[in-house]
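Enquirer: Pasting a predicted model and its sequence here:
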Amino acid sequence: MRVLISSSILFVLLGVSGCGPGDGCRFDPAACGGDVGASCVGDGDCADGFCCTEDANCGGGMCTLPCEEDLDCPSFMACEHRVCFFRCEVDEDCAVGQSCEHGQAVCEWP
C-alpha cells in the first residue's frame, strides 16, 4: 500500500512538472520546443497551434495563446494586445532582449 501511494505521488509530481505550458520558456525561448513562450515562425511550430507574428511585441514569433482577458492566460501570464505574455515586475523577470512593459506588467520585445 505504501509503495502504491508513493508511486502515485511521484506520478502526479512528474506529470505536473513535465507537461503543458510552463514558466520555463521565459528565459530561453529558442530552446522550448513549441511550449508557450517558445520562438516560432508559424502556428505549426507551437504545441497549442498559435504563433504570434502579427504583433511586433512578439519578437518576430512567439508561441502563445489568444486572449480577451488575463483569465484566458496561464497564471504566470497576462493578456495584452489580445495575446498572453509572461508577467513581470522588472526587466530581469524577462528574457534577454525583452523589457517589462505596460506599468511593469508583461515581458515584450521592443
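Expert: Perfect, thanks for sending it.
Enquirer: Poorly predicted segments of the chain, please.
Expert: Applying pLDDT under 70 to the chain flags residues 1-24, 104.
Enquirer: quick one, helices of it?
Expert: Along the chain, counting by DSSP state H, helices occupy 2-18.
Enquirer: Tell me which stretches of it form strands.
Expert: 51-52, 62-63, 77-80, 83-86, 99-101, 106-108 (DSSP state E).
Enquirer: Could you tell me which strands the fifth one is paired with, and in which direction each runs?
Expert: As defined by DSSP bridges, the strand partners of strand 99-101 come to strand 106-108 (antiparallel).
Enquirer: Can you get me the centre-to-centre distance for the strand it pairs with and its chain?
Expert: 11 Å (CA atoms, centre = their mean, to the nearest Å).
Enquirer: going forward, begin numbering at 29 instead of 1
Expert: Renumbered: residue one is now 29, and that last one reads strand 134-136.
Enquirer: Contacts for it, please.
Expert: 54, 85, 87, 105-106, 108, 113-116, 121-123, 126-130 (CB atoms under 8 Å, 6 or more residues apart in numbering). No exception for glycine: its C-beta is placed from N, CA and C like everyone else's.
Enquirer: Among those, name the buried ones.
Expert: Neighbour-count burial (16 or more other CB atoms under 10 Å) applied to the contacts of strand 134-136 gives 54, 85, 87, 105-106, 108, 113-116, 121-123, 126-129.
Enquirer: and Ala75, how many neighbours does it have?
Expert: Residues lying near Ala75 (other CB atoms under 10 Å) number 15.
Enquirer: can you tell me how far it sits from Glu136?
Expert: Look at Ala75 and Glu136: by CB to CB, to the nearest Å, they are 21 Å apart.
Enquirer: swap in Val124?
Expert: 13 Å.
Enquirer: In terms of neighbours, single out the busier of those two.
Expert: Neighbours per residue, other CB under 10 Å: of Val124 and Glu136, the larger number sits with Glu136, 22 against 8.
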